[in-house]
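Trainee: quick one, what's the 3D model for this:
(one chain, ligands or ions: 2)
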Amino acid sequence: MISVAEAIQIVRQQTTTLATEHVSIEHALGRVLAEDVVADTDLPPFNRAQMDGYAVRAQDVKEAPARLRIAGESAAGKGWHHQLEEGQAVRIMTGAPVPAGADSVQQVELTTELKDGTIVELLESVETGKSIVPRGAEIKTGEVVLRSGTTINAAMMAVLAAFGYARVAVFRKPRMAVLATGSELVAVDQKPGQDQIRDSNNYSISAYAELAGAIVERMPLTGDETSLLKGQISEAAKRNDLIVTSGGVSMGVYDLTKAALRQLDAELFFERVALRPGKPTVFARLPNGTLVFGLPGNPVSVAVTFNLFARTALLSMQGTAEPELKRETGVLARSVKGTADRENYLPAQLTTNDDAELVAFQLKWGGSSDFVAFALTTALVIVPANVKSIEAGSLVSVLRLP
Ligand code: AMP
Ligand code: MG
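Mentor: Ligands and ions are numbered 1, 2, ... in the order given. The predicted model follows:
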């Protein structure tokens, strides 16, 4: 049995980055950058007024109140492109270029226009540089503003647009097939008969996969029969980078996923991880290169193992700089128990206490089949292997779930 850390290491080693493609900016949200984004202009591109008011020479209003002749107007998109001379002011709007010769902007609230708008009286002196953002103060031409490997979020869309990235290089989205095994399973629109349950894993797996950027294909439900399983795995492998199965990896007579994979000449990288829930997780590669995760059938095991392993593979394929769920440190609200030889990942909710600490409340749950309790879970508390228990108030590692 290998540790969770070793298993994640193997996943990262065996996963290769997919090809890149260009998408229009409209389709860039959530994609992973495959190029550095570089500023093609200074920002601001000119000395920019930060306030509505008057552009002046600070030395002209040393003694306030001071009266200056209004020489013109500089608006956003239509600047006043002359030299400001001694004794002059230019009416200026937020976002407009500050004329040459002016070194400060006095806000309109501290001024009064006189004589039909030909003269302005500044009621207070103004310090040099006030309310001006100098050209290039935010970004200079040629600076890298976003690195390859970054997942494009809403705020970054503005960055792409500002620097003219109408098309941007991103990594291809991984194609992933999801395949539920188990003769007890019926589809969501069926009423389960005797001894049957509805398949729920395909839905949680698809959802987590889509959050991780995958294009998901749902394969037909496969009963516990090796030939059927082999058929569906081979079919899915024709057009997918990754296949995620659930069920059929334990030690029961009808746990046939590994047999199917072996008969298809898959290379098995691991088949047991020192993890609870999720010990019998399988990771393999088919001869054509398609990777396969054989996850256990219990819905909570599915959620834990998908997010530890398959999500890491999907994000690695997309060239994400940090493909693993981030570890944070929280305070344990209730004491928890550990397991000999296996790391525990316990469903929890995160909150913040009055000392601004992250607090992890372990949820009461009925074990790895209890997906209804798991629906309230926002994080997993990690209890290291061979730790008998951890007392309330202790610091623990937590993983925030997507
Ligand atoms: P298995 O790993 O195949 O032994 O399944 C473990 C448990 O998970 C059994 O109670 C199964 O009925 C249940 N299970 C397996 N697949 C699914 C699924 N797709 N949706 C919901 N429950 C499942
Ligand atoms: Mg089964």
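Trainee: and the residue of the chain found nearest ligand 1, helix, strand or coil?
Mentor: Per CB to the nearest ligand atom, Gly297 is where the chain lies closest to ligand 1, at 2.4 Å. Yep, even glycine has a C-beta here, placed from its N, CA and C like the rest. Classification of Gly297 by DSSP: H, G, I helix; E, B strand; the rest coil places it in coil.
Trainee: now for it, how many residues are close by?
Mentor: For Gly297, the neighbour count with other CB atoms under 10 Å is 23.
Trainee: isn't it up against Tyr254?
Mentor: No: judged on CB atoms under 8 Å, Gly297 makes no contact with Tyr254 at a distance of 10.7 Å.
Trainee: just say helix, strand or coil for Ala7.
Mentor: With three-state DSSP as the basis, Ala7 sits in helix.
Trainee: give me the neighbour count for the residue lying closest to it once chain neighbours are set aside.
Mentor: Distances taken as CB to CB, 6 or more residues apart in numbering put Val273 closest to Ala7, at 4.7 Å, once the chain neighbours are dropped. The number of residues packed around Val273, counting by other CB under 10 Å, is 26.
Trainee: bridging residues for Val273?
Mentor: Beta-bridge pairing for Val273 (DSSP bridges): Ile2.
Trainee: what residue lies at the spatial centre of this protein?
Mentor: Thr151 (5.9 Å; CA atoms, centre = their mean).
Trainee: give the contact list for Gln107.
Mentor: Gln107 makes contacts with 51-53, 131, as judged by CB atoms under 8 Å, 6 or more residues apart in numbering.
Trainee: from Ile92, how far out is it?
Mentor: Distance, Gln107 to Ile92, using CB to CB, to the nearest Å: 10 Å.
Trainee: what sits in contact with each of these two?
Mentor: 52-53.
Trainee: ok, and what's touching the lowest-mean-pLDDT helix or strand in the chain?
Mentor: Here the helix or strand of the chain ranked lowest by mean pLDDT, DSSP states H and E is helix 371-374, holding a mean of 89. Helix 371-374 is contacted by residues 200, 204, 299-300, 303, 347, 363-366 when judged by CB under 8 Å, 6+ apart.
Trainee: got the residues of this structure near ligand 2?
Mentor: 182, 247-248, 297 (CB under 5 Å from the ion).
Trainee: highest neighbour count among these?
Mentor: Comparing the residues of the chain next to ligand 2 by number of neighbours (other CB under 10 Å), Gly248 comes first, having 29 neighbours.
Trainee: for that one, what are its contacts?
Mentor: Counted by CB under 8 Å, 6+ apart, Gly248 has contacts 181-182, 224, 229, 254-257, 294, 297.
Trainee: doesn't it fall inside a strand?
Mentor: No: applying three-state DSSP, one finds Gly248 to be coil, outside a strand.
Trainee: what's the spacing between the closest residue in space to Glu143 that isn't next to it in sequence and Gly136?
Mentor: In space, and not counting its chain neighbours, Glu143 is closest to Ala39: 4.9 Å by CB to CB, 6+ apart. Counting by CB to CB, the gap from Ala39 to Gly136 is 9 Å.
Trainee: repeat that for Asp265.
Mentor: The gap separating Asp265 from Gly136 is 59 Å, by CB to CB.
Trainee: between the two, who's got more neighbours?
Mentor: Gly136 (17 against 8).
Trainee: pretty sure the more buried one is touching Leu43, no?
Mentor: Yes: counting by CB under 8 Å, Gly136 touches Leu43, with 7.1 Å between them.
Trainee: just among the contacts of Gln107, which is most surrounded?
Mentor: Neighbour max across those (other CB under 10 Å) = Gly53, 26 neighbours.
Trainee: now do the contacts for that residue.
Mentor: 92, 105-111, 131.
Trainee: try it again at 6 Å.
Mentor: Residues in contact with Gly53, defined by CB atoms under 6 Å, 6 or more residues apart in numbering, are 105-108.
Trainee: so what's it bridging to?
Mentor: Residues in a beta bridge with Gly53, per DSSP bridges, are Ile92, Gln107.
Trainee: what's around Val108, how many residues?
Mentor: 16.
Trainee: what's near enough to touch it?
Mentor: Val108 neighbours (CB under 6 Å, 6+ apart): 52-53.
Trainee: please consider this matter closed, and thank you.
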